[in-house]
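Enquirer: could you look at this predicted model? Sequence included:
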Protein chains: 4
Amino acid sequence: MIDYRSDNTGRAAPQILEALVRANHDTALGYGADDWTADLQRRFSDLFETSVRAFPVATGTAANALSLAALGPSWGIIYCSEVAHINTAEANAAGFFGGGVKLAAIGGQHGKIEAGPLAEVLAGISPAQLHRGQPSAVSLTQATDLGGVYTLDEIRAVAKVAKRRGLRLHMDGARFANAVARLGCSPADMTWRSGIDIMSFGATKNGGALCDAIVVFSPDIADGLAVQLRRAGQVWSKMRFASAQLIAYAENDLWLEMARASNRIAARIAAALRDIPVARLLAPVEANEIFLELPDGAMDALERDGFQFYRRSRTLARFVCRFDTSEAEADALAAALRRHLGSATAPRATD
Amino acid sequence: MIDYRSDNTGRAAPQILEALVRANHDTALGYGADDWTADLQRRFSDLFETSVRAFPVATGTAANALSLAALGPSWGIIYCSEVAHINTAEANAAGFFGGGVKLAAIGGQHGKIEAGPLAEVLAGISPAQLHRGQPSAVSLTQATDLGGVYTLDEIRAVAKVAKRRGLRLHMDGARFANAVARLGCSPADMTWRSGIDIMSFGATKNGGALCDAIVVFSPDIADGLAVQLRRAGQVWSKMRFASAQLIAYAENDLWLEMARASNRIAARIAAALRDIPVARLLAPVEANEIFLELPDGAMDALERDGFQFYRRSRTLARFVCRFDTSEAEADALAAALRRHLGSATAPRATD
Amino acid sequence: MIDYRSDNTGRAAPQILEALVRANHDTALGYGADDWTADLQRRFSDLFETSVRAFPVATGTAANALSLAALGPSWGIIYCSEVAHINTAEANAAGFFGGGVKLAAIGGQHGKIEAGPLAEVLAGISPAQLHRGQPSAVSLTQATDLGGVYTLDEIRAVAKVAKRRGLRLHMDGARFANAVARLGCSPADMTWRSGIDIMSFGATKNGGALCDAIVVFSPDIADGLAVQLRRAGQVWSKMRFASAQLIAYAENDLWLEMARASNRIAARIAAALRDIPVARLLAPVEANEIFLELPDGAMDALERDGFQFYRRSRTLARFVCRFDTSEAEADALAAALRRHLGSATAPRATD
Amino acid sequence: MIDYRSDNTGRAAPQILEALVRANHDTALGYGADDWTADLQRRFSDLFETSVRAFPVATGTAANALSLAALGPSWGIIYCSEVAHINTAEANAAGFFGGGVKLAAIGGQHGKIEAGPLAEVLAGISPAQLHRGQPSAVSLTQATDLGGVYTLDEIRAVAKVAKRRGLRLHMDGARFANAVARLGCSPADMTWRSGIDIMSFGATKNGGALCDAIVVFSPDIADGLAVQLRRAGQVWSKMRFASAQLIAYAENDLWLEMARASNRIAARIAAALRDIPVARLLAPVEANEIFLELPDGAMDALERDGFQFYRRSRTLARFVCRFDTSEAEADALAAALRRHLGSATAPRATD
């Protein structure tokens, strides 16, 4: 079996678990008042080139929902992509933590939201239209849920429209590392320097084990969030074991190396697809995910070959590369696709 | 320094971290659809001698608040001890997850609630008194927040009163292991056989690392709770790393051995206190916590000696024993107390 | 000025206010324990030919949101039309009262949801897909937000699909009277005999003043709802003044006469439109609302003529008839439309 | 029967219902965009000698819970009297609308909270004690739930302590008119000039019919509250019928005259009690409520005489005077009390 089901089916980086084990000595105050968590603040502030507050949390859903709840009142409207994870796959956690906050979709390509449609929607809701609720925030998923990556210009264009109306910005960085690896820019440029107020800093999908983090760039949000995290059951009493994971994740560029590895494998497969005219990508492969339109029969054949992947619809397959997916596994998938699609002749997508 | 601050300042049992590391191989489906989590269900069902659903969660606060929210509607009243952790130390997580559910205190000794006062309070709220909300559940903390342990008879007396009114029962078992170790009864006897519908199964305070669990005895609650956990951000995608911890915790009686160890240390200190007439215990030492009324000056002196503990008030000190607190550390505390209190002559409490 | 802006811009029926004034004698117990509210229960039970619980509430938004919250857990998904008032115009009250409950749109014509698309959506969410939340209820708007009326068969087809999955049904009857008047069926046939569990019984838009009602057909819901209404601030202490309004509204078929009147006016205008080939209706005129596609210029001209109405978009105008809109006002509108559109030649819609 | 059960069992002032009926002409925009509601803003701004926002709402529970929710985050702690209506009689509406906000009791006499105990409690919660939640607001009930009235100095002393910690202040003015009538001060002095940010302006208990109001003094709160009211189902579409009631209530000092009347009756009864040594008041009679400690037998006897009142406990009776309670009714109660208690000899309370 070769597993392309998700980046969360994979192992954790051994360095991360070793760090967790290494933290198991002596006593340490609970709930984040330990040395590891203090160290984490310094390291993430270095990483982001500004003073940030980093809060380890158990899951990306917690990171997203609590971040969004921190960005505005319960009567707010939060704009995101139709396909955003917060909109499709978190059981409406945002609505729950946000006291009934509303998610609304904004159009754009490849899982992005775009500045133009956002501006149009905002123009259509006057501050007097109380019956609609009122716009409060925007959430960008970076990399997107279709495997795309926002350029800095794209982020800034959305941020400009949002800030003009007083909205705040969240980045769902479940695959932040893959996006940074793709653009080669600094974490600071991709976030607060482009207008992001708060982010979900993903680790789990990129070789992490049991925690992600919320990183707060706008200091006015942080103190309230700290209380909210406590009542949300997201503050481990033995926090050191979470902070140690995140320290190891960010240390020595481990996070970027793992993201580069999974991006590289995805690019390798995408490159091979260029030779298969019938293989139609739903979106350009810019991170570690490949969304491929495939005939039913081809999906069946791949499964018979031992490949595991998600059938997102009858004609859409998703392949996700992990940090430890090997080149051999990539080549095996490419070969199988060539085998099952090679004789077909439909034109491939132009994107 | 000798640390008696809390059982959550301590290390994790090495066996638990080893199990976590051992789980780091191959790929496994996310969100609990893995072999470890399936194994956990079997093992906990064996442990409790009935078919249970066990949900690993990040923290005791999450376990408590989500359990309570599962027990009744948002307009419910949940009865607990005045000093219950859910009432004093979880930032009203129960109110948050329960959509504004109300906690109300019931009297009793040593952090317990008692059947008599509960019956009296219930009799005072007629089903027609809509303006009061309506009783929906009872939460027992076992061991209690003052270091006491409910006997089975005490639990059953409360359960009988509660069930008569149709209320459901939650057990906050943050220190469940200490209570089971104390009574020497079966986990089944202490829970579902005594009327408990759902419990917070604590591991962190007793040598765990990054997870506790919710254990559901009443099957009608479980499916809804599973969705709620997802939107609460309490379902790890790499769940195997949580389930593996809990498996190791329960394996080979590790959990009971650790609880017996910390209980034994607490009992050793308590025994030594018998020789110090002035040392007044707030409650009998039945688990791993000691609540001791001490003069200011004695607390200062202990701190100068290098002992760490919580000053709960100007006259009340809490000492918590961990699974790895040594007999030497116990004897050192007893000696110090004797030193600083020995000459005093106030009578000790009769309890 | 001739006002077609909404049925809530209008006066109340004098009989309703007279009843309110007549109730102002003697003392009466608060919060619904008065004779008027008891009488209301009997009268509505007669009206619906079954024992119902009727709860007066201040607004349709309260009626809807609290009804929906009563139909399922906070992790539920409630299906409704894309254009349903609960989805577009209540500031996400459903999400708020429902603790983050999610609204999801189902396709259909003229503001209806249809059994086929509902069945398809339900089939696409397995009980194991916890990350999506879980289906819990369906809300039908009768008459619809585009001026259509569900036939009994249409309601029953939706109900059949919903019940098969265990979902409960809500009817948003803000314009229930107009729908009953249109079909000439009994209130019972349109509601519980067709599978409706709970309804928002609208009065305000049809000549009422300060209250609507929730009518509960499924008794298991009622007791909890009664508490919820209390904490939602929807239980007047001087309830008699609300119940008296609803009694007068339903007495002597006043409600139906008013609905027949506004329906008749709308039909009169619609009939006149048949002679204007260019006038394109968005949906058949089956109740008291007319949704008309109009060129910008024609809307401007109507406004210059003194007509008030809502411009729902640059090309869509809404005209709402009230119980006291006169035939002369109808004819004036028809004449003006003929004047401004008469020379145009675009084909009219086939519906 | 002579009814002393509550001030909400009574009639409404005829002037208020007449105003409601008078508003029934022409069409008017919905949801508060009408002339009556605009007029209400001007009149209440005049009444309070500053620019206020006045929002009619259906009930005092709605006014309280939505005001409190507007004063701080869901993780906040709101301090009030143990016997405050928000704490004892609104089914935890504050917790519901506030997303799990926590009410905590502060000590004081006669249903008041006092500055000293408040300061002590605040000093006991450091900003670092996240597990406790964080103080956010204070709610004063004026007149109190035991029939007392805060002096301006008492309000200001509490406000000073609260503001020092950054807390905001709510006044539950369900019996605001009675308090203003008692002190003879201006509404401005009793509210914003003493530090109140927002108030529940009661009308129902003092001769109103179907609405109370929220009055906002701190402008930063108002816009968000306006959206929240909409989603809370507290914005009538035919708002004119609510605003007209409040206009009539405040016009020509009607509200104060009614409060003076009910206060006068209560004072008349209290004066008569001075001659009955055994009659023990729970609190001084400063508004329209009398809390009287009475033997069981005396309560039985009063009921046999045809008096209606609430038995708050086996030994405590509450008598509430309405704006239309007559002097004859007062004298009848006094005579009956004298009759049933006259021969007893226990000393009366010194307060």
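Expert: Everything's here; your move.
Enquirer: could I get the full set of strands for the stretch 1-150 of chain A?
Expert: Per DSSP state E, counting those that start in this stretch, the stretch 1-150 of chain A carries strands over the ranges A:2-3, A:53-57, A:76-81, A:102-106, A:134-141.
Enquirer: with distance to chain C and mean pLDDT added, can I get those strands in a markdown table?
Expert: Every residue, glycine included, has its C-beta placed from N, CA and C. Shown next, in a markdown table, are the strands of the stretch 1-150 of chain A (distance: least, Cβ to the nearest Cβ, whole Å; pLDDT from 0 to 100):
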| stretch | distance to chain C | mean pLDDT |
| --- | --- | --- |
| strand A:2-3 | 19 | 97 |
| strand A:53-57 | 17 | 98 |
| strand A:76-81 | 8 | 97 |
| strand A:102-106 | 4 | 97 |
| strand A:134-141 | 8 | 97 |
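Enquirer: closest one to chain B among those?
Expert: strand A:2-3 (4.1 Å; Cβ to the nearest Cβ).
Enquirer: tell me which other helices or strands the closest one touches.
Expert: Applying 3 or more Cβ pairs under 8 Å, 6 or more residues apart in numbering or on different chains; DSSP states H and E, we find strand A:2-3 packed against strand A:307-308, helix A:327-341.
Enquirer: between helix A:327-341 and the top helix by length along chain A, find me the angle.
Expert: Longest helix in chain A by number of residues (criterion: DSSP state H): helix A:254-273. Orientation check (axes from the mean of the first three to the mean of the last three Cα atoms, to 10 degrees): helix A:254-273 against helix A:327-341 gives 30 degrees.
Enquirer: format the helices and strands packed on strand A:2-3 as JSON lines; extra columns: distance to residue A:250.
Expert: Output for the helices and strands packed on strand A:2-3, formatted as JSON lines (distance: least, Cβ to Cβ, whole Å):
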{"stretch": "strand A:307-308", "distance to residue A:250": "30"}
{"stretch": "helix A:327-341", "distance to residue A:250": "26"}
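Enquirer: for chain C, find the nearest of those.
Expert: strand A:307-308 (17.5 Å).
Enquirer: tell me the secondary structure for residue A:244?
Expert: Classification of residue A:244 using DSSP: H, G, I helix; E, B strand; the rest coil returns helix.
Enquirer: which stretches of chain A have low pLDDT?
Expert: A:343-351 (pLDDT under 70).
Enquirer: and chain B, is the longest helix of chain A touching that?
Expert: No - using Cβ under 8 Å from any Cβ of the partner chain, helix A:254-273 stays clear of chain B, with a minimum separation of 13.5 Å.
Enquirer: next structured bit after that helix?
Expert: strand A:280-281 (DSSP states H and E).
Enquirer: strand partners (parallel or antiparallel) of that next one?
Expert: strand A:289-293 (antiparallel) (DSSP bridges).
Enquirer: may I have the strand it pairs with as CSV, with CA atoms only?
Expert: Presented in CSV, the C-alpha positions along strand A:289-293 are these (Å, rounded to 0.1, in the frame of the first residue of the first chain):
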residue,chain,number,x,y,z
GLU,A,289,-1.5,18.4,-2.6
ILE,A,290,-2.6,17.2,-6.0
PHE,A,291,-6.2,17.4,-7.0
LEU,A,292,-6.7,15.4,-10.1
GLU,A,293,-9.7,14.8,-12.2
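Enquirer: now check whichever helix or strand comes after that strand, is it near chain B?
Expert: Scanning forward in sequence from strand A:289-293 by DSSP H and E, the next helix or strand is helix A:296-304. No - contact of helix A:296-304 with chain B (Cβ under 8 Å from any Cβ) is absent, the minimum separation being 15.2 Å.
Enquirer: before we move on, back to that, check which residues of the longest helix of chain A are buried.
Expert: Buried residues in helix A:254-273, defined by neighbour count with 16 or more other Cβ atoms under 10 Å in any protein chain shown: A:254-256, A:258-270, A:272-273.
Enquirer: about what we covered before: could you redo the helices and strands packed on strand A:2-3 as CSV and give each row distance to chain C and mean neighbour count?
Expert: Formatted as CSV, the helices and strands packed on strand A:2-3 follow (distance: least, Cβ to the nearest Cβ, whole Å; neighbours: other Cβ atoms under 10 Å in any protein chain shown):
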stretch, distance to chain C, mean neighbour count
strand A:307-308, 17, 18
helix A:327-341, 26, 18
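Enquirer: out of these, which gets nearest to residue D:212?
Expert: strand A:307-308 (61.6 Å; Cβ to Cβ).
Enquirer: what packs against that closest one?
Expert: strand A:2-3, helix A:327-341.
Enquirer: strands paired with that strand, and their directions?
Expert: strand A:2-3 (parallel).
Enquirer: how far out from the middle of the chain is the strand it pairs with?
Expert: 22 Å (Cα atoms, centre = their mean, to the nearest Å).
Enquirer: for it, which outside residues touch it?
Expert: A:9-10, A:306-308, A:322, A:329, A:332-333, B:27 (Cβ atoms under 8 Å, 6 or more residues apart in numbering or on different chains).
Enquirer: write out the residues of the stretch 51-200 of chain A neighbouring chain B.
Expert: Near chain B, when you scan the stretch 51-200 of chain A using Cβ under 8 Å from any Cβ, you find A:57-63, A:65-66, A:90-93, A:96-97.
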